[in-house]
Structure formats: structure tokens, C-alpha cells
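Chemist: pasting a predicted model and its sequence here:
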Amino acid sequence: MKEYVVAILGATGAVGQRLIKELAQANIPIKQVKLLASKKSVGKKLKFKNQEIIVEQAQPDSFTGVDIVLSSAGGAISKKLLPEAVKRGAVCLDNTSAFRMAENVPLVIPGVNDQQLAYHQGIIANPNCSTIQMVAALYPLHRRWGIKQVVVSTYQAVSGAGKKAWDEMLGQAQARLDNQQMAAAILPTPAAKKHYPLAFNLLPQIDIFEADGYTHEEWKMIHETKKILFNDQDSNQIKVTATCVRVPVEIGHGEAVYFILQDKQVTVKEIQAEIEKTAGLILQDDFKKQLYPQPLQIAGKRETFVGRVRADQENLGAFHMWVVADNLLRGAATNTVEIAECLVRKNLVRVPNI
């Protein structure tokens, strides 16, 4: 049995540390694990299973002899280093937005469109965290009945903006409780002209604004959904729109999803049954018992949780549901490692023409 050398790029970050834990539980024969990060993290020691591994500086030659790269170090680093890793024969699974819309890069959710892995050219993109949980919940319904339209409003945790934003929110909360002014220097996005506190607040801006008034996060959800379901980021076979909001929650994105099915005779019970039998989805839906998914309860879990399924009373064939998932696991590390498992299982850990 072949054993694989796996490198984790961005190993000291929030997602990187979860990649280490997920990889330790993965069904992948591992020969060696390399932990890579920026120069400031060199020399740190992290554990993989019971082994202590020293973090190395990420540079092109770091990937010599590596079979699989799990990357979560930021888009600029991905653009710089992943092509170098591919040149050295590694297959790269990237958590950033650097390659998601590239034509020759599969954008994959295992169990939804992993057949696209057969066409990879060395780089495979992990979708946006908010896209992953929504499409995972919608896909079994789309596969059976067809979905014509999706309207989603997201309630996204601060951890999706990184550790500095997370720490800033906690500091703001404490300042507010101490009757002090809340300082803001990061959100809604570091590059913005204005910054606002997130603690005790809601920010209807995630990422930069596009020329049409949509944020880039909203753009990603729209076009990634189309690419995943129809392999075309501009597909007209489904209509998708989104409003993305940052909320003062630490871990766990919530999404209110409105969708219209092609089959107008479907019932709520049929939808619930389809969700319940789908691997990776957990139905928590009993309004009589106030049972529905909540971020506090799902943090640390790999599955996508679905509840509040109900028919739209004004439009036949239209439904609402509430979807919650751990954005650092289901929306990042878990999906990435599941892609790696698929590659191993399908014998696709190879770069064409290498």
C-alpha cells in the first residue's frame, strides 16, 4: 500500500491546526507530515497524533517529495507557492479563493461533485465555507427534484475573518461590559476605509464591495454554487442570490435558505426524509420541542445541521430551511481532508505530465 507525504501549509493558523487534527483521523496511509508556515512560526512544535513536529518555513523547495498539500495560508501565499508545489509533483488542496474560479481547477464538495477530481491539473479548490454548508444541504434535494432558485441570508461567525478579528471582537465585548469605548481596526474587512465593532452588532458586509453593490462574499456564494452544481460559474440553469452578514458568534455559520423546486408537489416531510438519509447531514427539526440547529451546539462537529424546514405559504414549490455548520471544520478542514481521502481512494494523487 502506498504511503503519502502530506504537507500542511499555514499549519499554525486556526484552520491549519484543525487540518492537523482532521488528517490524524483520516483514512489516508501517511508516511510523513510536514508542517509549513511563515518565517515567524519557524521552530514552533505542533503534535500530529503522538508525534511532535517542528514547523518549517514555507518555500518552494519545501514541497520536494511531497504528495499532497493541504493549504490554508491566504490567497497571496497560495498563488505564490502552490504552482511551485505542483511543479515538484504535489497535488494541492487550497482553502483560499485564489483558484476557485479558474477554469482548470475543480471546486469540490465530496459527495456532491467529487467526480470533477478526475480532471484536476494539480490544484483543487475548497469552496467558501458558507457555500459548502448551503450546497451540501441543498444537493440531495436538487438531485431528486431539481432546484430553480436559491435566496440565502447568512449569519457568519467572526472566526471566518481570522484570529485577529476574533480576538478584536472579544476585546470589544469586554470593553462594552466595562463601559469603555470599543475599538475597531479589522472588520468588516482590513482594506475598508471604515471599521466597525462587531461585538453586540451586525455587519452586513463581508469582504469588499463589487461595482454592483454586492460584496465579494455574496458574489462567491452565487458563482461557486453554479460552478459546483453545473460546472459553470455563470450557469443560467439555477438562480442564486445572497446577503452575507457577519455576526458576533465565535464559531458556526447560520444560513436562512429559501429555495424553489422544479417539482411543485414535494412535501416538507419528503424534504426532511431526504435530508435525514443523506450522509453528512443531520436533521434537527421539531418545532414542538424547539429543536433546531444552533452554533453553540454544533461547534466542533463535522456534519452540516438542518432545521426549520417549512413550505412557503405564498408560493407553491418554495421552501425555507435553516442550515448551521462549524465553518472551521465542515467549511474548511473537514472538507479539505475529505477531498484528500477521495483522491487517495480514486488513485488520483498524481499531477498530469509530471
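Modeler: Sure thing, it's come through.
Chemist: which residues in the chain form strands?
Modeler: 4-9, 30-37, 45-48, 51-54, 56-57, 68-71, 91-94, 123-125, 147-156, 239-246, 253-261, 281-283, 304-311, 318-325 (DSSP state E).
Chemist: which residues does the nearest residue to residue 148 once chain neighbours are set aside contact?
Modeler: Leaving aside its chain neighbours, residue 148 sits nearest to residue 260 (4.7 Å; criterion: CB to CB, 6 or more residues apart in numbering). All C-beta spots, glycine's among them, are computed from the backbone N, C-alpha and C. Shown in contact with residue 260 (CB atoms under 8 Å, 6 or more residues apart in numbering): 147, 148, 149, 150, 315, 317, 318, 319.
Chemist: deepest-packed of the strands of the chain, please.
Modeler: strand 68-71 (a mean of 28; mean count of other CB atoms under 10 Å).
Chemist: who are the packing partners of that one?
Modeler: Applying 3 or more CB pairs under 8 Å, 6 or more residues apart in numbering; DSSP states H and E, one finds that strand 68-71 contacts strand 4-9, helix 75-87, strand 91-94, helix 334-345.
Chemist: out of the ones you listed, which is closest to residue 212?
Modeler: Among the helices and strands packed on strand 68-71, helix 75-87 comes nearest to residue 212, with 21.8 Å by CB to CB.
Chemist: and the angle for that closest one with strand 4-9?
Modeler: 160 degrees (axes from the mean of the first three to the mean of the last three CA atoms, to 10 degrees).
Chemist: dump helix 75-87 to CSV, restricted to CA.
Modeler: What follows is helix 75-87, C-alpha atoms only, in CSV (Å, rounded to 0.1, in the frame of the first residue of the first chain):
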residue,chain,number,x,y,z
GLY,A,75,-4.6,33.7,-1.2
ALA,A,76,-1.4,35.5,-1.9
ILE,A,77,0.7,32.7,-0.4
SER,A,78,-1.4,30.1,-2.4
LYS,A,79,-0.8,31.9,-5.7
LYS,A,80,2.9,32.1,-5.0
LEU,A,81,3.7,28.6,-3.6
LEU,A,82,1.1,26.1,-4.9
PRO,A,83,2.2,26.3,-8.5
GLU,A,84,5.8,25.6,-7.2
ALA,A,85,4.4,22.6,-5.3
VAL,A,86,2.7,21.3,-8.4
LYS,A,87,6.0,21.6,-10.4
